[in-house]
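Engineer: Structure here, sequence nowhere to be found:
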């Protein structure tokens, strides 16, 4: 007879045989029209009015409570080009079916690895390895984890800028995902940050 772990995922009790379950969170900046990046992946608009150093907007506190960051290949290729490695010694898991060059991130002190699998498989593997609190980043990755019912917490910072087109934060869903509003904070410059929890 197999062991059955009962855990709360996305606000619902889910029974999963022989699987540990992590809590997945999102902390993301979006334009007022709902994009997380320009079509080419550029994030220059994040540094404009209302944006800037994310440490001022609760990021440091958020990341301190995270065991591992999970992101897609395109997000990784963008963040590895930043002026510094923003994840410190936090474990970073890059999802890709193709071979990746992780040397650049590791040379800057990054603790980076590659993984493949469905969102449920990724979450289970990481939970079994001791990563119980995950930060999910990147448009497609966030959408896939939402569709799988794995996102528990969303912290969305809306900047006062319209960029017209780009990579959307949200995509299609098989069913509605109901959220409970936890808090909304406003910052000088016009950023509005809202926190939600899946019901």
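Structural biologist: In hand now; what should we look at? Because the structure is a prediction, the values reported are computed rather than measured.
Engineer: how about the strands in this structure?
Structural biologist: Residue ranges of the strands in the chain, as given by DSSP state E, are 4-9, 12-17, 23-31, 35-37, 68-72, 91-95, 111-115, 133-137, 151-159, 167-168, 179-186, 192-198.
Engineer: In terms of mean pLDDT, which of those ranks lowest?
Structural biologist: Comparing mean pLDDT across the strands of the chain, the lowest value falls on strand 4-9: a mean of 33.
Engineer: need the contact list for residue 129.
Structural biologist: For residue 129, the contact set (CB atoms under 8 Å, 6 or more residues apart in numbering) is empty. Any C-beta I mention is one placed from the backbone N, CA and C, and that applies to glycine too.
Engineer: can you do 10 Å?
Structural biologist: Applying CB atoms under 10 Å, 6 or more residues apart in numbering to residue 129 gives the contacts 20, 22, 67, 68, 91, 93.
Engineer: again with residue 135
Structural biologist: 24-28, 62-63, 65-71, 87, 90, 92, 153, 155.
Engineer: Mind checking which of these are buried?
Structural biologist: Buried subset of those (neighbour count, 16 or more other CB atoms under 10 Å): 24-28, 62-63, 66-71, 87, 90, 92, 153, 155.
Engineer: State the number of residues packed around the closest residue in space to residue 190 that isn't next to it in sequence.
Structural biologist: Leaving out its chain neighbours, the residue that sits closest to residue 190 by CB to CB, 6 or more residues apart in numbering is residue 160, at 3.6 Å. Residue 160 has 14 neighbours, counted by other CB atoms under 10 Å.
Engineer: Surely residue 160 and residue 31 touch.
Structural biologist: Yes. The pair residue 160 / residue 31 is scored as a contact, 8.9 Å apart, by CB atoms under 10 Å.
Engineer: Could you tell me what pLDDT the model assigned to the residue nearest to residue 190?
Structural biologist: 94.
Engineer: Repeat that for residue 10.
Structural biologist: Per the predicted model, pLDDT is 42 at residue 10.
Engineer: And for residue 33, nearest residue in space, chain neighbours not counted?
Structural biologist: Nearest one to residue 33, counting by CB to CB, 6+ apart, is residue 162 at 4.9 Å.
Engineer: quick one: contacts for the one you found?
Structural biologist: Taking CB under 10 Å, 6+ apart as the test, what residue 162 contacts is 31, 32, 33, 34, 35, 45.
Engineer: For it, grab phi and psi.
Structural biologist: Backbone torsions of residue 162, given as degrees, to the nearest 10, read phi -110, psi 120.
Engineer: and it, how far is that from residue 29?
Structural biologist: 14 Å (CB to CB, to the nearest Å).
Engineer: same deal with residue 91?
Structural biologist: Taking CB to CB, one finds residue 91 at 22 Å from residue 29.
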